[in-house]
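Student: okay, here's the prediction I keep looking at, along with the sequence it came from:
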Amino acid sequence: MALNPLFFRKTLVAGTGLFLCVFLVVHLSANCILLLPEDIARGMYNSYSTTLRESPLIKIVAYLLYLSIILHVVYALLITIRNRKAKPQKYVMNHANENSSWSSRNMGILGTLILIFIVIHLVNFWARIKLGFGDAVALDVDGNKDVYEVTYSLFHNIYYVIFYTIISVPLAFHLYHGFKSGFKTLGFYHKKGLKIIAKVSLVYALIMGIGFGIIPFIVYLK
Amino acid sequence: MKVTFKIWRQEGPEDKGAIRDYEVDGLTEDMSFLEALDHLNELLVLKNEKVIAYEYDCREGICGQCGVFINGRAHGPHDNMTTCQLHMRSFKDGDTIVVEPWRAASFSVIKDLIVDRSAFDRIIEQGAYITAKTGTAPEANAIPIPKEISDNAMDAAACIGCGACVATCKNSSAALFTAAKINHLNRLPQGKAEEHKRVQEMTYQMEIEGFGSCTFTGACEVECPEGISILNIAEMNARNAKAKLLG
Amino acid sequence: MKLDSKIPEGKLEDKWRNYQVTSQLINPANKKKLNVIVVGSGLSGAGAAATLAELGYDVQCFCYQDSARRAHSVAAQGGINAAKNYQHDGDSVWRMFYDTLKGGDFRSREANTYRLAELSAPLIDHYVQQGVPFAREYGGVLVNRSFGGVQVQRTFYARGQTGQQLLMAAYSQLYKMVRAKKVKMFPRSEMLDLVVIDGKAKGIIVRDLVTGELKRYAADAIVLATGGYSRVFRLSTLAIGCNGSALWKAHKKGALFAAPSFTQIHPTALPQSSEAQSKLTLMSESLRNDGRIWVPKQQQDARKANDIPEDERDYYLERRYPSFGNLAPRDIASRAAKERIDTGYGVGRLKNAVYLDFRHAIEKFGIQTIKDRYGNLFTMYKKITGIDAYREPMQISPAAHFSMGGLWVDYELMTTIPGLYAIGECNFSDHGANRLGANSLLQASIDGYFVLPNTINNYLASALKEDHPTTDHPEFEKAEKAVKADINRILNINGTKTVDHFHRELGKVMWQECAMSRNKKGLENAIAQIKTIRDEFWKDVKITGSSNELNTELEKALRLADFIELGILMCTDALERDESCGAHFREEFQTEDGEAVRVDEDYSYVSAWEYDDGDFKLHKEELEFEFVKPSVRSYK
């Protein structure tokens, strides 16, 4: 039996997507440190990020993460290209909103926005802290790189705050559809279970969207 | 009742095609949508024009041959209904009604509103059957099949093969059609012997026919005249995974 | 011409076995060399094509639809009968045989009807094996319901979609053989003529409906499985594409047409609502179990149904047939409705319907019970009419439904042209003058799966010794030329009226004079009127477009041209039969209270008509009742 290339691709996108969903939970939890009073937050945040950079276990997870993002993007792109080819001619009139949600039909656009964000986000933090691009990062009192300061100064630029907040909207929509349909793609078809997953998906997307969206604002107001 | 039809006209597969406008008077609310087109065609004949080509056969919602995109929806404005069941009372006097053929790379236009759905037959050909010859059957009640399983199989088996799922899907995915058939047979004890082979070969055919893949927008189950659940696709995915691992 | 029905010797229950043990066999190596054409892909056609291919023959199967899966077998709702006696209610092959014979008012052959009942049980086994999800009990065994007024429960069903599920099984099996390269499938292809060489059927001329190209196909035997021809009435429960053209071409080439006028009118269809209507949708007969049929006592009553008080309603079926009431057989219920409508008691906008009222059932059992029983039908009714039948009565009306008549076939299902077979609804074999509910899926399947594959070898064994036909034979040339000439002739008329106009005219005449009740004067008039329509048609029809493209108007016109001629034959047949039997009700032959009078002494035969250059010559196959004695059907 020949390979089912599409089946394989879809499974990969769903699998990596759900893995990234788990990562976001960890990411958001860490971001919550920023909500604490500054004196506590700075030390905690900086030591946390140092741990992330130096733990060998986390390193493996990090590479897995990079790989997931790349596979998720590449295969989603391949699928999208093929899907577009499957419908070369569009309808003159199409009331798709009457039978499906906008987000479910526009995962590609939502995903692209998120990808753009990720690139900027990586330039803002990862490139500066890890690769040493831009201004050197100062050390805090404990000798850890003062990532808190990097974050704090970034989120006192109103343009970045607005950008980070706005981008949380497509993120929430992408997650809402992606989370629940990822399970279906992986072959979970228990009716009641999927109803629960749909609700969990909504709550999860809201938390992620609001969480990631509101923290920059709170930091800005500090 | 008077309406303006905006109908896709296309001489043949090579022709580019375009929307043409037709004002039609003298319709009644009781007429079915297809009868309104019949009426328009009679007017066209009398005006010495070529008639609009569209498909239908049983006109009672079961053969699956009819199917056009009407005002931006597969089979028209209602959920879970065939084109032939749509009546003019769903429109208002003076309405404009846009009519287009199913759009999908795998459903090429033959003429006007008629498309080629033979890809469905080729998917069926790849395993939508029990390999057993006429005359070899054991007694019908020899294998009891629990009502729930039989009913579930029937839910999937209800597919009429109209292609609305492909037409409405933004990816032109035939996953609902293929899944319905696979699940019908794989849910039953009779289908077990070939279950892995069936799911792999049919989904493979679905792919080489050029249908897109399912991204679970859910449009298909809204337009499906038989209301076949999209969970069938998830089930097919599970069966496919199982077949890959075990088969 | 002597009609030899080739009924095997022996007791009724031994005949089919005796036939099988004495028929000729063909060895597998030789089967490969023989090819068979099957026209039609419904239950009988797909079943036959798949089974013949499994046996080793090379098969070519044609259908006019875009896929074999659309054939009109798909639309049968109710179920399929089989003498399994699963319900332990005293059913048996003999009882089923007798019910069918009696239901047909003793106008079919004992041996054929018995075989139908005999093979019904293995057929259910077959369909279950093929994965048909028949309704089941919680314990997993098959469920039955009663149907069509018989006293046992022998009907198997898959929701209201039994025909669809059986067809899907047949279609799947067919495509299994397409994959095995033993069947070549030709969708969107319509047979336009039969090719007869040296008296034997050897090929067909087919029009490719997409390109318009005429093509020739040769074979050692031809099987017609083209279904019923009730679209001759235009408004019927049939699919719009259903036609009688293949039959008619075969008839013109020498196949006798049996009992053409035996047409079943179904009592519970939705009424016509406008002149433009194309189709009458069937509502399952099961509705009559709980619905009560009535019309107002006052003629031309303009009040709404719910405004008419109880004592001003005429429950005419209950009044006329107190013991069967609303469950009177199809022919009787249809006729009674027609009588009320014709005398001015009809209801609805066009005064062409009667009420089917669930008010009492809802009061008695509660709305939920009625929803459980008929929910899907009520929903369908609302989709089509926009009316909520839980609140006001349904409007129903009789509609042409099934052709008992068809090409005359012998016990082997071969027509009077050697090598030409007719199976399923397109033959006249098992139903006599009226078909019982849930017997049509049965007959189509039995013919295709079990009978034909066992009888065709008897003929093909001799074909082995002959040269294979080739499509360059002069007869093919001649037939193709004739088809081309017909097409050109019809396209060149360039008149002023549409094909549908003529079809409506034909339908009106046929419905008025050759449907539920017929009389001599009416039929004579009808023949004259149809001849006028025929002449007008050939003078004044207008078709746009050309012959070498997809042209639906041309398709319709070619079918209608044949329907018109078939209509004349149907009226001729109805006129000839001076009796009332089953669905054939001649007003001159009724009792004082309007019941049918059968005349066994003079009409216990199958009328088989020979085409004679525009005229028809009658042949009779006398029916011999060796094992049962014809009795009078009474439903009082």
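Tutor: Done, it's in. Numbers count the residues shown, from 1 in each chain, chains lettered A, B, ... in the order given.
Student: and the helix or strand where residue A:198 lies, what does it pack onto?
Tutor: Using DSSP states H and E, residue A:198 sits in helix A:191-221. Here helix A:191-221 touches helix A:5-31, helix A:158-185, helix B:231-246, going by 3 or more CB pairs under 8 Å, 6 or more residues apart in numbering or on different chains; DSSP states H and E. Placement of C-beta: from N, CA and C, glycine included.
Student: let's go with 10 Å and repeat that
Tutor: Contacts defined by 3 or more CB pairs under 10 Å, 6 or more residues apart in numbering or on different chains; DSSP states H and E place helix A:191-221 against helix A:5-31, helix A:147-154, helix A:158-185, helix B:231-246.
Student: in that helix, which residues are buried?
Tutor: Within helix A:191-221, the residues scored as buried using 16 or more other CB atoms under 10 Å in any protein chain shown are A:194, A:197, A:201, A:204-205, A:208-209, A:211-213, A:215-216, A:219-220.
Student: centre of the chain to it, how far?
Tutor: 12 Å (CA atoms, centre = their mean, to the nearest Å).
Student: and the residue nearest the centre of chain A, what is it in contact with?
Tutor: In chain A, the C-alpha nearest the mean C-alpha coordinate belongs to residue A:24, at 5.9 Å (CA atoms, centre = their mean). In this structure, residue A:24 makes contact with A:171, A:175, A:204, A:207, A:208, A:211, A:212, judged by CB atoms under 10 Å, 6 or more residues apart in numbering or on different chains.
Student: make it 6 Å
Tutor: Residue A:24 sits next to residue A:208 when contact means CB atoms under 6 Å, 6 or more residues apart in numbering or on different chains.
Student: and the gap between it and residue A:215?
Tutor: In this view, residue A:24 and residue A:215 are 13 Å apart by CB to CB, to the nearest Å.
Student: and what of residue A:186?
Tutor: Taking CB to CB, one finds residue A:186 at 31 Å from residue A:215.
Student: cool, and residue A:122?
Tutor: 18 Å.
Student: swap in residue C:289?
Tutor: According to CB to CB, residue C:289 and residue A:215 sit 67 Å apart.
Student: need the contact list for the one residue in chain B that gets nearest to chain C.
Tutor: Relative to chain C, the nearest point of chain B is residue B:144 (2.7 Å; CB to the nearest CB). Counting by CB under 6 Å, 6+ apart, residue B:144 touches C:140, C:141.
Student: okay, it: pLDDT?
Tutor: Looking at residue B:144, its pLDDT is 97.
Student: find the nearest non-adjacent residue to residue 207, please.
Tutor: You didn't pick a chain, so chain A it is. Excluding its sequence neighbours, the residue lying closest to residue A:207 (CB to CB, 6 or more residues apart in numbering or on different chains) is residue A:28, at 7.4 Å.
Student: nope, chain B please
Tutor: Computed as CB to CB, 6+ apart, the closest residue to residue B:207 that is not its neighbour in sequence is residue A:6, at 4.9 Å.
Student: neighbours around the one you found, how many?
Tutor: By the criterion of other CB atoms under 10 Å in any protein chain shown, residue A:6 has 23 neighbours.
Student: mind listing the strands for the stretch 101-250 of chain C?
Tutor: Taking DSSP state E, counting those that start in this stretch as the criterion, the stretch 101-250 of chain C carries its strands at C:155-156, C:183-186, C:189-197, C:200-208, C:214-218, C:221-224.
Student: closest to chain B out of the ones you listed?
Tutor: That would be strand C:183-186 among the strands of the stretch 101-250 of chain C, by CB to the nearest CB, at 7.6 Å.
Student: low-confidence stretches in chain C?
Tutor: Scanning chain C for pLDDT under 70 picks out C:148-149.
Student: for the residue of it found nearest chain A, give me its contacts.
Tutor: Proximity to chain A, evaluated over chain C using CB to the nearest CB, is greatest for residue C:179 at 15.4 Å. By CB under 6 Å, 6+ apart, the contact list for residue C:179 reads residue B:125.
Student: isn't residue B:115 up against residue B:101?
Tutor: Yes. Using CB atoms under 6 Å, residue B:115 makes contact with residue B:101 at a distance of 5.2 Å.
Student: more crowded one of those two?
Tutor: residue B:101 (27 against 24).
Student: gap between the helix or strand of chain A with the lowest mean pLDDT and the chain center?
Tutor: Least confident helix or strand of chain A, by mean pLDDT, DSSP states H and E, is helix A:128-129 with a mean of 89. Distance of helix A:128-129 from the chain centroid (CA atoms, centre = their mean) equals 19 Å.
Student: stretch A:95-113 now?
Tutor: 18 Å.
Student: count the residues that sit near residue 60.
Tutor: In the absence of a named chain, this looks at chain A. Residue A:60 has 10 neighbouring residues, counting by other CB under 10 Å.
Student: was after chain C, sorry
Tutor: Residue C:60 sits with 21 neighbouring residues when counted by other CB under 10 Å.
Student: list the strands paired with the helix or strand containing it, with their directions.
Tutor: Assigned by DSSP H and E, residue C:60 belongs to strand C:58-62. Counting by DSSP bridges, the strands paired with strand C:58-62 are strand C:35-39 (parallel), strand C:183-186 (parallel).
Student: helix or strand right after the longest one?
Tutor: This points to strand C:35-39. Next helix or strand after strand C:35-39 toward the C-terminus (DSSP H and E): helix C:43-55.
Student: contact partners for the residue lying closest to residue C:32 once chain neighbours are set aside?
Tutor: The shortest distance from residue C:32 to any non-neighbouring residue, by CB to CB, 6+ apart, is to residue C:56 (5.7 Å). Neighbour list for residue C:56: C:28, C:31, C:32 [criterion: CB under 6 Å, 6+ apart].
Student: can you check residue C:132 too?
Tutor: Each residue near residue C:132 by CB under 6 Å, 6+ apart is listed here: C:165, C:169.
Student: and what of residue C:166?
Tutor: Contact analysis of residue C:166 by CB under 6 Å, 6+ apart lists C:43, C:441.
Student: now swap in residue C:341 and tell me
Tutor: Counting by CB under 6 Å, 6+ apart, residue C:341 makes contact with residue C:352.
Student: can you show me the CA trace of stretch C:55-75 as PDB?
Tutor: Extracted C-alpha coordinates of stretch C:55-75, given in PDB (Å, rounded to 0.1, in the frame of the first residue of the first chain):
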ATOM      1  CA  LEU C  55     -19.400 -15.900 -13.200                       C
ATOM      2  CA  GLY C  56     -16.800 -15.000 -15.700                       C
ATOM      3  CA  TYR C  57     -18.600 -13.200 -18.500                       C
ATOM      4  CA  ASP C  58     -17.400 -10.000 -20.000                       C
ATOM      5  CA  VAL C  59     -20.000  -7.400 -19.200                       C
ATOM      6  CA  GLN C  60     -20.700  -3.900 -20.500                       C
ATOM      7  CA  CYS C  61     -23.200  -1.900 -18.500                       C
ATOM      8  CA  PHE C  62     -24.900   1.300 -19.600                       C
ATOM      9  CA  CYS C  63     -26.900   3.900 -17.800                       C
ATOM     10  CA  TYR C  64     -28.200   7.400 -18.800                       C
ATOM     11  CA  GLN C  65     -27.400   8.900 -15.400                       C
ATOM     12  CA  ASP C  66     -24.100  10.300 -14.300                       C
ATOM     13  CA  SER C  67     -23.500   7.300 -12.100                       C
ATOM     14  CA  ALA C  68     -24.900   3.800 -11.700                       C
ATOM     15  CA  ARG C  69     -25.900   4.800  -8.200                       C
ATOM     16  CA  ARG C  70     -28.700   7.100  -9.400                       C
ATOM     17  CA  ALA C  71     -30.900   4.500 -10.900                       C
ATOM     18  CA  HIS C  72     -34.500   4.900  -9.700                       C
ATOM     19  CA  SER C  73     -34.500   1.700  -7.500                       C
ATOM     20  CA  VAL C  74     -32.900   4.200  -5.100                       C
ATOM     21  CA  ALA C  75     -36.300   5.900  -4.500                       C
END
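Student: many thanks, I have nothing further to ask.
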